[in-house]
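Got a predicted model here, sequence first, then my questions.
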Amino acid sequence: CPVVIGATELLAGGCFQQKTLRLDVADVAGDYPNRHLFGGKGGRQQEQHTNRALPHAQHSTAATMSDLQPTVFTEQTRHALRWFQQSGIQEANGGVARYHLLAEERNLPLSTEITGYAVSALVWTGDIPNALRAADWLVREAWHSEWQAMPFEVGQPVPPSYFFDCGIIVRGLLTAWRATGRLDYLSTARDLGLAMGRDFWSPAGELHPILDLPSKQPWPYERRWSREPGCLQLKSALAWANLANLFPGEAFESWFEKALRYSLDTHDGFLPGNADELKVMDRLHAYCYFLEALLARTARAEVRASRA
């Protein structure tokens with residue numbers, strides 16, 4: 001399975017691109033369908049950062065770091081991690097930029113989505129200090145508690161919120177919580193997951209890809225996979241499945257099931273989606289998000305029966 005998205009050339013081909021390291025290990029570190037984790041290494045941190053009780057949270061055995069990271073890294077993965085740590089793409093405040101421009105030696109704006117990916121990746125590689133710097137930036141600087149919203153970047157005017165990004169961020173924060181037991185990570189993940197369910201569903205049963213902030217009005221759809229509803233959003237809907245294991249009294253499970261049904265019903269129309277072969281390839285990349293999400297539910301009859 002892919003370890004890197006966005007810097008795939010770096011790990012798979014060993015060559016640098018002017019792209020962020022975007023290790024997509026949320027599905028490695030974030031999907032434990034039969035495990036309800038509470039706590040973890042870092043009890044002292046848990047005492048310092050407990051902010052409030054979480055309703056209906058399922059308490060159980062803590063994970064060890066061996067549960068969350070592989071036993072063997074490829075040499076390319078080691079090089080990619082070293083580049084991430086030394087390039088400056090993670091800034092001093094912990095946030096991670098979408099792009100690091102090598103020739104200009106500067107970052108483009110920090111991205112909440114890429115920072116979410118980085119949290120999962122860094123926990124997976126065992127770089128807990130940098131993972132927690134990234135997670136802290138998400139909960140302390142990026143998250144708007146007054147709106148219950150996560151913009152895709154931090155700035156003024158406030159940028160919009162993307163459903164896809166929110167799901168990646170939830171799963172990154174859950175990974176950081178499993179590694180540390182810090183309840184501020186868990187509570188922010190829960191609050192963001194609830195906001196995803198309250199705000200992004202359309203009356204037609206589709207997931208709006210983008211919401212304006214602070215109004216939370218959906219952006220008009222465009223004929224581009226990132227600007228219209230589609231089966232690719234199932235990958236980020238997995239955040240609801242993860243949260244459902246921890247908070248069975250919430251609506252997370254029903255939201256995930258709704259997203260799964262929609263994705264299975266509509267995925268056949270996602271490809272080719274365009275007469276331009278290059279744009280079809282771009283859509284194929286997004287379709288792979290849907291296929292990746294199905295891997296978490298391969299035991300389901302309707303998933304096995306789909307033609308995906």
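Okay, I see it. Values in this document were obtained by computation on a predicted structure and should not be read as measured data.

Give me the outermost residue of the protein relative to its centroid.
Ala275 (30.4 Å; CA atoms, centre = their mean).

helix, strand or coil for it?
What DSSP: H, G, I helix; E, B strand; the rest coil gives for Ala275 is coil.

Quick check, central residue of this structure?
Geometric middle of the chain (CA atoms, centre = their mean) lands on Ile168, at 0.9 Å.

Helix or strand for it, just tell me which one.
Using DSSP states H and E, Ile168 sits within helix 163-180.

Tabulate the CA atom coordinates of the next helix-or-strand element following that helix in PDB.
Using DSSP H and E, the next helix or strand after helix 163-180 towards the C-terminus is helix 183-199. Only the C-alpha atoms of helix 183-199 are listed here, as PDB (Å, rounded to 0.1, in the frame of the first residue of the first chain):
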ATOM      1  CA  LEU A 183      -7.400  14.000  26.000                       C
ATOM      2  CA  ASP A 184      -7.100  17.300  24.200                       C
ATOM      3  CA  TYR A 185      -6.300  15.300  21.000                       C
ATOM      4  CA  LEU A 186      -9.200  13.000  21.600                       C
ATOM      5  CA  SER A 187     -11.700  15.700  22.400                       C
ATOM      6  CA  THR A 188     -10.700  17.800  19.300                       C
ATOM      7  CA  ALA A 189     -11.000  14.700  17.100                       C
ATOM      8  CA  ARG A 190     -14.500  14.000  18.500                       C
ATOM      9  CA  ASP A 191     -15.600  17.600  18.100                       C
ATOM     10  CA  LEU A 192     -14.300  17.800  14.600                       C
ATOM     11  CA  GLY A 193     -16.000  14.500  13.700                       C
ATOM     12  CA  LEU A 194     -19.300  15.800  15.000                       C
ATOM     13  CA  ALA A 195     -18.900  19.000  13.000                       C
ATOM     14  CA  MET A 196     -18.300  17.000   9.900                       C
ATOM     15  CA  GLY A 197     -21.600  15.200  10.400                       C
ATOM     16  CA  ARG A 198     -23.600  18.300  11.300                       C
ATOM     17  CA  ASP A 199     -22.200  20.600   8.600                       C
END
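
all strands of this structure, in order?
Under the criterion DSSP state E, the chain contains strands at 100-101, 106-107, 161-162, 210-211.

Point out the most buried one among those strands.
strand 161-162 (a mean of 26; mean count of other CB atoms under 10 Å). Where C-beta positions appear, they are placed from N, C-alpha and C, glycine not excepted.

Quick one: list the elements packing against that strand.
Using 3 or more CB pairs under 8 Å, 6 or more residues apart in numbering; DSSP states H and E, the elements in contact with strand 161-162 are strand 210-211.

hmm, 10 Å instead?
Using 3 or more CB pairs under 10 Å, 6 or more residues apart in numbering; DSSP states H and E, the elements in contact with strand 161-162 are helix 112-125, helix 183-199, strand 210-211.

and Ser145, how many neighbours does it have?
By other CB atoms under 10 Å, the residues close to Ser145 number 9.

Do you have the helices of this structure handy? List them.
8, 26-29, 43-49, 65-68, 75-87, 112-125, 128-137, 163-180, 183-199, 234-246, 252-266, 277-294, 301-305 (DSSP state H).

Among those helices, which comes closest to Leu213?
helix 183-199 (10.0 Å; CB to CB).

taking the mean pLDDT, what do you get for that closest one?
On average, the pLDDT along helix 183-199 is 98.

cool, and stretch 132-139?
98.
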